[in-house]
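J.: sequence-free structure coming up:
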Ligand code: HEM
(Lines give C-alpha, C1' and ligand atoms only; values in the text may rest on other atoms or scores of the structure.)
Protein backbone atom coordinates (compact mmCIF):
# COMPACT_ATOMS: atom_id res chain seq x y z
CA UNK A 1 0.00 0.00 0.00
CA UNK A 2 1.29 3.52 -0.88
CA UNK A 3 2.63 5.47 2.12
CA UNK A 4 0.35 8.26 3.33
CA UNK A 5 1.76 11.79 2.80
CA UNK A 6 2.59 13.52 6.11
CA UNK A 7 0.81 16.79 5.32
CA UNK A 8 -1.41 18.48 2.75
CA UNK A 9 1.63 20.37 1.40
CA UNK A 10 3.56 17.10 0.97
CA UNK A 11 0.53 15.56 -0.77
CA UNK A 12 0.30 18.55 -3.12
CA UNK A 13 4.04 18.70 -3.71
CA UNK A 14 4.30 15.07 -4.82
CA UNK A 15 1.60 15.78 -7.44
CA UNK A 16 2.60 19.32 -8.45
CA UNK A 17 6.01 20.31 -7.07
CA UNK A 18 5.27 24.03 -6.68
CA UNK A 19 6.41 24.08 -3.07
CA UNK A 20 9.82 22.55 -3.72
CA UNK A 21 10.31 24.69 -6.86
CA UNK A 22 9.41 27.82 -4.87
CA UNK A 23 11.78 26.78 -2.08
CA UNK A 24 14.61 26.18 -4.57
CA UNK A 25 14.06 29.39 -6.61
CA UNK A 26 13.05 31.91 -3.94
CA UNK A 27 14.32 30.68 -0.60
CA UNK A 28 17.50 28.67 -1.05
CA UNK A 29 18.53 30.31 -4.36
CA UNK A 30 22.22 31.32 -4.17
CA UNK A 31 22.69 35.08 -4.49
CA UNK A 32 25.99 36.98 -4.62
CA UNK A 33 26.58 38.40 -1.15
CA UNK A 34 27.90 41.75 -2.43
CA UNK A 35 24.82 43.15 -4.21
CA UNK A 36 24.12 46.83 -3.55
CA UNK A 37 20.75 48.57 -3.30
CA UNK A 38 20.58 49.06 -7.08
CA UNK A 39 19.63 45.36 -7.22
CA UNK A 40 16.36 46.30 -5.44
CA UNK A 41 14.83 47.95 -8.46
CA UNK A 42 13.68 44.76 -10.17
CA UNK A 43 11.59 44.01 -7.06
CA UNK A 44 10.29 47.61 -7.11
CA UNK A 45 9.18 47.11 -10.72
CA UNK A 46 7.39 43.86 -9.80
CA UNK A 47 5.52 45.51 -6.91
CA UNK A 48 4.51 48.63 -8.88
CA UNK A 49 3.26 46.41 -11.67
CA UNK A 50 1.17 44.34 -9.26
CA UNK A 51 -0.38 47.52 -7.84
CA UNK A 52 -1.05 48.80 -11.36
CA UNK A 53 -2.85 45.61 -12.37
CA UNK A 54 -4.92 45.55 -9.16
CA UNK A 55 -5.94 49.21 -9.31
CA UNK A 56 -6.55 48.86 -13.06
CA UNK A 57 -9.08 46.09 -12.50
CA UNK A 58 -11.05 48.35 -10.13
CA UNK A 59 -10.86 51.27 -12.59
CA UNK A 60 -12.15 49.04 -15.40
CA UNK A 61 -15.27 48.26 -13.30
CA UNK A 62 -16.37 51.88 -13.71
CA UNK A 63 -14.78 53.01 -16.96
CA UNK A 64 -16.75 53.35 -20.23
CA UNK A 65 -14.71 53.06 -23.46
CA UNK A 66 -16.78 55.35 -25.70
CA UNK A 67 -15.83 58.85 -26.80
CA UNK A 68 -19.13 60.18 -25.43
CA UNK A 69 -18.69 58.75 -21.93
CA UNK A 70 -14.98 57.99 -21.33
CA UNK A 71 -14.08 61.40 -19.93
CA UNK A 72 -17.12 61.65 -17.66
CA UNK A 73 -16.72 58.07 -16.43
CA UNK A 74 -13.19 58.93 -15.28
CA UNK A 75 -14.50 62.11 -13.61
CA UNK A 76 -17.13 59.98 -11.88
CA UNK A 77 -14.42 57.60 -10.62
CA UNK A 78 -12.49 60.61 -9.25
CA UNK A 79 -15.47 62.34 -7.63
CA UNK A 80 -18.25 59.90 -6.86
CA UNK A 81 -17.08 56.29 -6.71
CA UNK A 82 -16.13 55.32 -3.13
CA UNK A 83 -12.31 55.66 -2.84
CA UNK A 84 -12.23 56.03 -6.63
CA UNK A 85 -9.82 58.98 -6.33
CA UNK A 86 -7.44 56.75 -4.38
CA UNK A 87 -7.58 53.89 -6.87
CA UNK A 88 -6.97 56.31 -9.73
CA UNK A 89 -4.08 58.02 -7.91
CA UNK A 90 -2.51 54.59 -7.23
CA UNK A 91 -2.87 53.77 -10.93
CA UNK A 92 -1.52 57.06 -12.28
CA UNK A 93 1.28 57.35 -9.71
CA UNK A 94 2.11 53.68 -10.27
CA UNK A 95 2.98 54.30 -13.91
CA UNK A 96 5.56 56.91 -12.92
CA UNK A 97 6.95 54.69 -10.16
CA UNK A 98 7.22 51.76 -12.59
CA UNK A 99 9.04 53.78 -15.23
CA UNK A 100 11.35 55.35 -12.63
CA UNK A 101 12.19 51.87 -11.28
CA UNK A 102 12.71 50.55 -14.82
CA UNK A 103 15.04 53.36 -15.89
CA UNK A 104 17.22 52.83 -12.81
CA UNK A 105 17.05 49.05 -13.38
CA UNK A 106 18.29 49.47 -16.96
CA UNK A 107 20.99 51.96 -15.94
CA UNK A 108 22.20 49.49 -13.29
CA UNK A 109 22.30 46.68 -15.87
CA UNK A 110 24.28 48.87 -18.28
CA UNK A 111 26.73 50.01 -15.60
CA UNK A 112 27.55 46.56 -14.25
CA UNK A 113 27.44 44.89 -17.68
CA UNK A 114 24.55 42.58 -16.73
CA UNK A 115 23.58 42.45 -20.42
CA UNK A 116 26.76 40.57 -21.31
CA UNK A 117 27.08 36.81 -21.77
CA UNK A 118 25.66 34.64 -20.36
CA UNK A 119 22.76 36.99 -19.45
CA UNK A 120 21.78 38.16 -22.97
CA UNK A 121 18.34 36.55 -22.67
CA UNK A 122 17.70 38.29 -19.34
CA UNK A 123 18.50 41.57 -21.09
CA UNK A 124 16.37 40.78 -24.17
CA UNK A 125 13.33 39.64 -22.18
CA UNK A 126 13.80 42.84 -20.11
CA UNK A 127 13.69 44.93 -23.28
CA UNK A 128 10.59 43.00 -24.35
CA UNK A 129 9.08 44.08 -21.03
CA UNK A 130 10.08 47.68 -21.64
CA UNK A 131 8.29 47.68 -25.00
CA UNK A 132 5.19 46.06 -23.52
CA UNK A 133 5.14 48.57 -20.65
CA UNK A 134 5.48 51.42 -23.15
CA UNK A 135 2.63 50.13 -25.34
CA UNK A 136 0.46 49.61 -22.26
CA UNK A 137 1.18 53.11 -20.95
CA UNK A 138 0.55 54.68 -24.34
CA UNK A 139 -2.78 52.86 -24.80
CA UNK A 140 -3.78 53.64 -21.22
CA UNK A 141 -3.09 57.34 -21.59
CA UNK A 142 -5.67 57.59 -24.41
CA UNK A 143 -8.43 56.11 -22.22
CA UNK A 144 -9.41 59.18 -20.10
CA UNK A 145 -10.07 60.94 -23.42
CA UNK A 146 -8.61 64.27 -22.29
CA UNK A 147 -6.99 66.81 -24.58
CA UNK A 148 -3.50 65.35 -24.09
CA UNK A 149 -4.81 61.79 -24.56
CA UNK A 150 -6.21 62.79 -27.92
CA UNK A 151 -3.43 65.02 -29.20
CA UNK A 152 -0.58 62.90 -27.82
CA UNK A 153 -1.95 59.86 -29.65
CA UNK A 154 -2.51 61.99 -32.76
CA UNK A 155 1.20 62.95 -32.81
CA UNK A 156 2.20 59.27 -32.65
CA UNK A 157 -0.34 58.25 -35.31
CA UNK A 158 0.87 61.04 -37.61
CA UNK A 159 4.44 59.81 -37.13
CA UNK A 160 3.41 56.22 -37.96
CA UNK A 161 1.56 57.51 -41.06
CA UNK A 162 4.86 58.79 -42.45
CA UNK A 163 6.33 55.27 -42.73
CA UNK A 164 6.41 54.50 -46.46
CA UNK A 165 4.08 51.76 -47.73
CA UNK A 166 3.03 50.21 -44.42
CA UNK A 167 2.53 53.27 -42.16
CA UNK A 168 -0.94 54.38 -43.28
CA UNK A 169 -2.48 50.92 -43.80
CA UNK A 170 -1.14 49.83 -40.40
CA UNK A 171 -2.49 52.92 -38.60
CA UNK A 172 -5.96 52.62 -40.15
CA UNK A 173 -6.02 48.86 -39.48
CA UNK A 174 -5.15 49.49 -35.82
CA UNK A 175 -7.57 52.40 -35.38
CA UNK A 176 -10.40 50.83 -37.37
CA UNK A 177 -10.62 53.99 -39.49
CA UNK A 178 -8.78 57.14 -40.44
CA UNK A 179 -8.53 58.82 -37.04
CA UNK A 180 -9.20 58.40 -33.35
CA UNK A 181 -12.83 57.56 -32.73
CA UNK A 182 -15.05 55.10 -30.90
CA UNK A 183 -13.55 52.03 -32.54
CA UNK A 184 -10.00 53.15 -31.78
CA UNK A 185 -10.83 53.98 -28.14
CA UNK A 186 -12.44 50.59 -27.64
CA UNK A 187 -9.40 48.87 -29.16
CA UNK A 188 -6.99 50.86 -27.01
CA UNK A 189 -8.97 49.74 -23.95
CA UNK A 190 -8.70 46.07 -24.95
CA UNK A 191 -5.03 46.47 -25.94
CA UNK A 192 -4.31 48.18 -22.61
CA UNK A 193 -5.30 45.29 -20.42
CA UNK A 194 -4.23 42.51 -22.79
CA UNK A 195 -0.67 43.90 -22.85
CA UNK A 196 -0.82 44.60 -19.10
CA UNK A 197 -1.63 40.95 -18.34
CA UNK A 198 0.90 39.64 -20.84
CA UNK A 199 3.58 41.61 -18.97
CA UNK A 200 3.03 39.29 -16.00
CA UNK A 201 3.89 36.26 -18.17
CA UNK A 202 6.99 37.94 -19.61
CA UNK A 203 8.18 38.85 -16.08
CA UNK A 204 8.03 35.14 -15.24
CA UNK A 205 10.17 34.45 -18.33
CA UNK A 206 12.58 37.28 -17.39
CA UNK A 207 13.11 35.93 -13.89
CA UNK A 208 13.33 32.33 -15.18
CA UNK A 209 16.17 33.29 -17.55
CA UNK A 210 17.87 35.11 -14.67
CA UNK A 211 17.64 32.03 -12.49
CA UNK A 212 19.44 29.94 -15.09
CA UNK A 213 22.55 32.13 -14.90
CA UNK A 214 22.15 33.64 -11.43
CA UNK A 215 22.58 37.35 -10.69
CA UNK A 216 25.52 39.43 -11.80
CA UNK A 217 27.13 41.59 -9.09
CA UNK A 218 28.99 44.93 -8.82
CA UNK A 219 32.41 43.40 -9.56
CA UNK A 220 31.12 41.73 -12.72
CA UNK A 221 33.05 38.58 -11.80
CA UNK A 222 31.16 35.31 -11.60
CA UNK A 223 30.98 34.27 -7.95
CA UNK A 224 31.07 30.52 -7.77
CA UNK A 225 32.51 29.69 -4.37
CA UNK A 226 30.01 28.99 -1.62
CA UNK A 227 31.41 31.65 0.74
CA UNK A 228 30.70 34.29 -1.95
CA UNK A 229 26.96 33.61 -2.01
CA UNK A 230 24.07 33.69 0.47
CA UNK A 231 20.57 32.20 0.21
CA UNK A 232 17.87 34.53 -1.14
CA UNK A 233 15.91 34.16 2.10
CA UNK A 234 16.39 35.73 4.62
CA UNK A 235 19.19 37.90 3.19
CA UNK A 236 17.55 39.41 0.12
CA UNK A 237 13.95 39.14 1.30
CA UNK A 238 14.92 41.54 4.11
CA UNK A 239 17.06 43.77 1.90
CA UNK A 240 14.34 43.98 -0.78
CA UNK A 241 11.78 44.47 2.00
CA UNK A 242 13.66 47.43 3.46
CA UNK A 243 14.12 49.00 0.04
CA UNK A 244 10.43 48.41 -0.72
CA UNK A 245 9.40 50.30 2.45
CA UNK A 246 11.31 53.37 1.20
CA UNK A 247 9.98 52.94 -2.35
CA UNK A 248 6.39 52.68 -1.08
CA UNK A 249 6.91 55.77 1.10
CA UNK A 250 7.85 57.82 -1.98
CA UNK A 251 4.89 56.26 -3.85
CA UNK A 252 2.52 57.11 -0.97
CA UNK A 253 3.95 60.66 -0.85
CA UNK A 254 3.07 61.04 -4.52
CA UNK A 255 -0.44 59.65 -4.08
CA UNK A 256 -1.42 61.50 -0.92
CA UNK A 257 0.47 64.79 -1.15
CA UNK A 258 0.95 65.45 -4.85
CA UNK A 259 -1.42 63.29 -6.91
CA UNK A 260 -1.36 65.82 -9.75
CA UNK A 261 2.34 66.65 -9.58
CA UNK A 262 3.20 64.55 -12.63
CA UNK A 263 -0.03 64.94 -14.59
CA UNK A 264 -0.80 67.59 -17.19
CA UNK A 265 -3.64 70.04 -16.51
CA UNK A 266 -4.71 69.81 -20.17
CA UNK A 267 -5.80 66.23 -19.63
CA UNK A 268 -8.56 67.43 -17.31
CA UNK A 269 -10.17 69.05 -20.37
CA UNK A 270 -12.23 66.70 -22.53
CA UNK A 271 -10.72 65.80 -25.92
CA UNK A 272 -11.65 68.21 -28.68
CA UNK A 273 -10.50 67.43 -32.20
CA UNK A 274 -11.03 71.08 -33.22
CA UNK A 275 -8.80 72.69 -30.57
CA UNK A 276 -5.10 71.83 -30.54
CA UNK A 277 -3.42 72.54 -27.16
CA UNK A 278 -0.73 75.28 -27.27
CA UNK A 279 1.93 72.67 -26.40
CA UNK A 280 1.55 68.95 -26.88
CA UNK A 281 3.62 67.52 -24.06
CA UNK A 282 4.04 63.84 -23.23
CA UNK A 283 4.24 62.32 -19.75
CA UNK A 284 7.78 62.60 -18.34
CA UNK A 285 8.64 58.95 -19.04
CA UNK A 286 8.07 59.36 -22.78
CA UNK A 287 9.74 62.79 -22.95
CA UNK A 288 13.25 61.53 -23.94
CA UNK A 289 11.82 59.69 -26.97
CA UNK A 290 9.56 62.61 -27.83
CA UNK A 291 12.61 64.89 -27.84
CA UNK A 292 14.34 62.50 -30.27
CA UNK A 293 11.20 62.42 -32.45
CA UNK A 294 11.39 66.20 -32.79
CA UNK A 295 15.19 66.56 -32.96
CA UNK A 296 15.19 66.53 -36.76
CA UNK A 297 12.87 68.41 -39.17
CA UNK A 298 11.69 65.23 -40.93
CA UNK A 299 8.87 63.33 -39.15
CA UNK A 300 10.00 60.01 -40.60
CA UNK A 301 13.62 60.79 -39.65
CA UNK A 302 12.51 61.50 -36.08
CA UNK A 303 10.56 58.24 -35.93
CA UNK A 304 13.54 56.26 -37.24
CA UNK A 305 15.87 57.92 -34.70
CA UNK A 306 13.45 57.36 -31.79
CA UNK A 307 12.80 53.69 -32.57
CA UNK A 308 16.50 53.22 -33.38
CA UNK A 309 17.45 54.57 -29.94
CA UNK A 310 15.69 51.53 -28.42
CA UNK A 311 16.80 49.15 -31.18
CA UNK A 312 20.46 49.74 -30.32
CA UNK A 313 19.72 48.47 -26.82
CA UNK A 314 18.69 45.12 -28.31
CA UNK A 315 22.07 44.88 -30.02
CA UNK A 316 24.08 46.03 -26.97
CA UNK A 317 25.25 42.57 -25.79
CA UNK A 318 26.87 42.09 -29.21
CA UNK A 319 28.02 45.68 -29.77
CA UNK A 320 30.05 45.54 -26.59
CA UNK A 321 32.69 42.96 -27.38
CA UNK A 322 34.76 43.56 -24.24
CA UNK A 323 35.54 40.63 -21.98
CA UNK A 324 35.26 43.00 -19.02
CA UNK A 325 31.82 43.20 -17.55
CA UNK A 326 31.46 45.86 -14.86
CA UNK A 327 32.14 49.57 -15.53
CA UNK A 328 33.93 49.53 -12.17
CA UNK A 329 36.83 47.91 -14.04
CA UNK A 330 36.41 49.98 -17.22
CA UNK A 331 37.84 53.49 -16.65
CA UNK A 332 36.50 54.95 -19.90
CA UNK A 333 33.02 53.60 -19.31
CA UNK A 334 33.01 55.06 -15.81
CA UNK A 335 32.91 58.47 -17.49
CA UNK A 336 31.10 57.60 -20.72
CA UNK A 337 28.16 55.83 -19.04
CA UNK A 338 27.25 58.64 -16.59
CA UNK A 339 27.43 60.95 -19.64
CA UNK A 340 24.93 58.63 -21.38
CA UNK A 341 22.60 58.83 -18.37
CA UNK A 342 22.97 62.63 -18.44
CA UNK A 343 22.12 62.65 -22.17
CA UNK A 344 18.93 60.70 -21.38
CA UNK A 345 17.97 63.22 -18.67
CA UNK A 346 18.72 66.15 -21.00
CA UNK A 347 16.49 64.52 -23.63
CA UNK A 348 13.77 64.11 -21.01
CA UNK A 349 13.87 67.79 -20.07
CA UNK A 350 14.08 68.86 -23.73
CA UNK A 351 11.02 66.69 -24.50
CA UNK A 352 8.98 68.74 -22.04
CA UNK A 353 9.90 72.04 -23.77
CA UNK A 354 9.13 73.46 -27.19
CA UNK A 355 11.67 72.27 -29.77
CA UNK A 356 13.41 75.63 -30.25
CA UNK A 357 16.79 77.17 -29.51
CA UNK A 358 18.69 75.64 -26.65
CA UNK A 359 16.27 72.71 -26.16
CA UNK A 360 16.40 71.71 -29.81
CA UNK A 361 20.19 71.83 -29.87
CA UNK A 362 20.67 70.06 -26.58
CA UNK A 363 18.39 67.24 -27.76
CA UNK A 364 20.40 67.01 -31.01
CA UNK A 365 23.68 66.79 -29.10
CA UNK A 366 22.24 64.28 -26.62
CA UNK A 367 20.83 61.97 -29.31
CA UNK A 368 24.11 62.13 -31.23
CA UNK A 369 25.95 61.08 -28.09
CA UNK A 370 23.40 58.28 -27.50
CA UNK A 371 24.19 56.76 -30.89
CA UNK A 372 27.91 57.49 -30.57
CA UNK A 373 28.01 55.60 -27.25
CA UNK A 374 26.39 52.44 -28.61
CA UNK A 375 27.71 52.40 -32.16
CA UNK A 376 31.08 54.07 -31.76
CA UNK A 377 32.34 54.07 -28.21
CA UNK A 378 31.22 50.62 -27.05
CA UNK A 379 32.83 48.63 -29.86
CA UNK A 380 35.90 50.91 -29.84
CA UNK A 381 36.43 50.88 -26.07
CA UNK A 382 35.81 47.15 -26.01
CA UNK A 383 38.62 46.60 -28.53
CA UNK A 384 41.06 48.75 -26.56
CA UNK A 385 40.21 47.09 -23.27
CA UNK A 386 40.89 43.69 -24.77
CA UNK A 387 44.17 44.79 -26.30
CA UNK A 388 45.23 46.56 -23.08
CA UNK A 389 44.72 43.14 -21.53
CA UNK A 390 42.93 44.04 -18.34
CA UNK A 391 43.51 40.49 -17.17
CA UNK A 392 39.84 39.62 -17.37
CA UNK A 393 39.05 42.13 -14.62
CA UNK A 394 35.39 41.55 -15.26
CA UNK A 395 35.45 37.79 -15.34
C1 LIG B 1 8.31 45.15 -15.86
C2 LIG B 1 9.59 45.20 -16.08
C3 LIG B 1 10.67 44.45 -15.33
C4 LIG B 1 10.59 43.71 -14.19
C5 LIG B 1 9.37 43.48 -13.31
C6 LIG B 1 11.91 43.19 -13.91
C7 LIG B 1 12.25 42.41 -12.83
C8 LIG B 1 13.53 41.98 -12.54
C9 LIG B 1 13.91 41.32 -11.32
C10 LIG B 1 12.97 41.02 -10.15
C11 LIG B 1 15.23 41.06 -11.40
C12 LIG B 1 16.11 40.46 -10.32
C13 LIG B 1 16.49 41.57 -9.32
C14 LIG B 1 17.35 42.66 -9.92
O15 LIG B 1 18.39 42.36 -10.52
O16 LIG B 1 16.97 43.85 -9.80
C17 LIG B 1 15.69 41.50 -12.69
C18 LIG B 1 16.98 41.38 -13.18
C19 LIG B 1 17.42 41.86 -14.38
N20 LIG B 1 16.70 42.63 -15.28
FE21 LIG B 1 14.75 43.11 -15.11
N22 LIG B 1 12.77 43.61 -14.91
C23 LIG B 1 12.05 44.38 -15.79
C24 LIG B 1 12.54 45.03 -16.91
C25 LIG B 1 13.84 44.98 -17.33
C26 LIG B 1 14.38 45.74 -18.42
C27 LIG B 1 13.60 46.77 -19.23
C28 LIG B 1 15.69 45.36 -18.56
C29 LIG B 1 16.73 45.84 -19.54
C30 LIG B 1 16.51 46.36 -20.66
C31 LIG B 1 15.97 44.38 -17.55
C32 LIG B 1 17.18 43.75 -17.38
C33 LIG B 1 17.51 42.95 -16.32
C34 LIG B 1 18.81 42.34 -16.13
C35 LIG B 1 20.00 42.43 -17.10
C36 LIG B 1 18.75 41.65 -14.92
C37 LIG B 1 19.87 40.82 -14.28
C38 LIG B 1 20.62 41.78 -13.41
C39 LIG B 1 21.81 41.20 -12.73
O40 LIG B 1 21.83 40.04 -12.39
O41 LIG B 1 22.74 41.97 -12.55
N42 LIG B 1 14.84 44.18 -16.81
N43 LIG B 1 14.63 42.07 -13.36
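T.: Yep, it's here. Since the model is a prediction, treat every value here as computed from it, not as a measurement.

J.: Close to the ligand: what parts of the chain are there?
T.: Residues of the chain found near the ligand (C-beta under 6 Å from any ligand atom) are 39, 41-43, 45-46, 49, 102, 105-106, 109, 112, 114-115, 119, 122-123, 126-127, 129-130, 133, 199, 203, 206-207, 210, 215-216. Every C-beta, even on glycine, is put in place using the N, C-alpha and C of the backbone.

J.: Distance check, the nearest residue to residue 91 once chain neighbours are set aside against residue 110.
T.: Ranked by C-beta to C-beta, 6 or more residues apart in numbering and with sequence neighbours excluded, the top spatial neighbour of residue 91 is residue 55, at 4.2 Å. As judged by C-beta to C-beta, to the nearest Å, residue 55 and residue 110 stand 30 Å apart.

J.: How about residue 47?
T.: From residue 47 over to residue 110 the distance is 23 Å, taken as C-beta to C-beta.

J.: mind checking how far stretch 178-198 is from the chain centre?
T.: Relative to its chain's centre, stretch 178-198 lies at 20 Å (C-alpha atoms, centre = their mean, to the nearest Å).

J.: Can you list the buried residues in that stretch?
T.: Neighbour-count burial for stretch 178-198 flags 180, 184-185, 187-189, 191-193, 195-196 (criterion: 16 or more other C-beta atoms under 10 Å).

J.: Residue 32 contacts residue 215, correct?
T.: Yes. Counting by C-beta atoms under 8 Å, residue 32 does reach residue 215; the two are 5.8 Å apart.

J.: Helices of the stretch 251-395 of the chain, start to end?
T.: For the stretch 251-395 of the chain, the helices defined by DSSP state H, counting those that start in this stretch occupy 287-293, 299-319, 331-351, 357-371, 378-387.

J.: helices or strands up against the shortest one?
T.: Helix 287-293 sits against helix 299-319, helix 331-351, helix 357-371, with contacts defined as 3 or more C-beta pairs under 8 Å, 6 or more residues apart in numbering; DSSP states H and E.

J.: In terms of residue numbering, what are the domains of this protein?
T.: Per the record, the chain has its domains at 18-279, 281-395, by automatic domain parsing.

J.: By mean pLDDT, show me the worst of those.
T.: Note on the domains of the chain: lowest mean pLDDT is at domain 281-395, with a mean of 91.

J.: next one: that one to chain centre, how far?
T.: 16 Å.

J.: neighbouring contacts of stretch 21-40?
T.: Residues from elsewhere that reach stretch 21-40 (C-beta atoms under 8 Å, 6 or more residues apart in numbering): 104, 108, 111-112, 211, 214-219, 223, 226, 228-233, 235-236, 239-240, 243-244, 247.

J.: Residue 266 and residue 146 touch, don't they?
T.: Yes. At 6.7 Å, residue 266 counts as touching residue 146 under the criterion of C-beta under 8 Å.

J.: Could you check which of the two is surrounded by more residues?
T.: Taking other C-beta atoms under 10 Å, residue 266 and residue 146 do not tie; residue 146 has more neighbours (25 against 18).

J.: For that one, list each beta-bridge partner.
T.: residue 270 (DSSP bridges).

J.: List the contacts of it.
T.: 71, 266-271.

J.: Now, of the residues you listed, which are buried?
T.: By 16+ other C-beta under 10 Å, the contacts of residue 146 give 71, 266-268, 270-271 as buried.

J.: Out of those residues, which is nearest to residue 137?
T.: residue 267 (13.7 Å; C-beta to C-beta).

J.: For the closest one, which non-adjacent residue is closest in space?
T.: Residue 267's closest residue in space is residue 146 (C-beta to C-beta, 6+ apart), at 3.4 Å.

J.: Likewise for residue 308?
T.: Nearest non-adjacent residue to residue 308 (C-beta to C-beta, 6+ apart): residue 371, at 7.6 Å.

J.: what do you get for residue 289?
T.: Closest to residue 289 by C-beta to C-beta, 6+ apart is residue 306, at 4.8 Å.

J.: My guess is the one you found contacts residue 294. True?
T.: No. Using C-beta under 8 Å, residue 306 is not in contact with residue 294, being 9.2 Å away.

J.: what ranges do the strands span in the stretch 1-150 of the chain?
T.: Assigned strands in the stretch 1-150 of the chain, in chain order: 30-32 (criterion: DSSP state E, counting those that start in this stretch).

J.: now the helix or strand hosting residue 156 against helix 299-319, angle please.
T.: Per DSSP states H and E, residue 156 falls inside helix 147-161. Inter-element angle recorded for helix 147-161 and helix 299-319: 80 degrees (by axes from the mean of the first three to the mean of the last three C-alpha atoms, to 10 degrees).

J.: I'd like the next helix or strand past helix 147-161.
T.: Heading C-terminal from helix 147-161 (DSSP H and E), you reach helix 167-175.

J.: Mind telling me which residue of the stretch 101-250 of the chain is nearest the ligand?
T.: residue 126 (2.3 Å; C-beta to the nearest ligand atom).

J.: Tell me how many other residues crowd the nearest residue to that residue once chain neighbours are set aside.
T.: Nearest residue to residue 126, sequence neighbours excluded (C-beta to C-beta, 6+ apart): residue 206, at 5.8 Å. Residue 206 is flanked by 23 other residues according to other C-beta under 10 Å.

J.: Throw together a PyMOL command that grabs the buried residues out of the residues of the chain next to the ligand.
T.: The buried residues among the residues of the chain next to the ligand can be selected in PyMOL (16+ other C-beta under 10 Å) with this line:
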select buried, resi 39+41+42+43+45+46+49+102+105+106+109+112+114+115+119+122+123+126+127+129+130+133+199+203+206+210+215+216
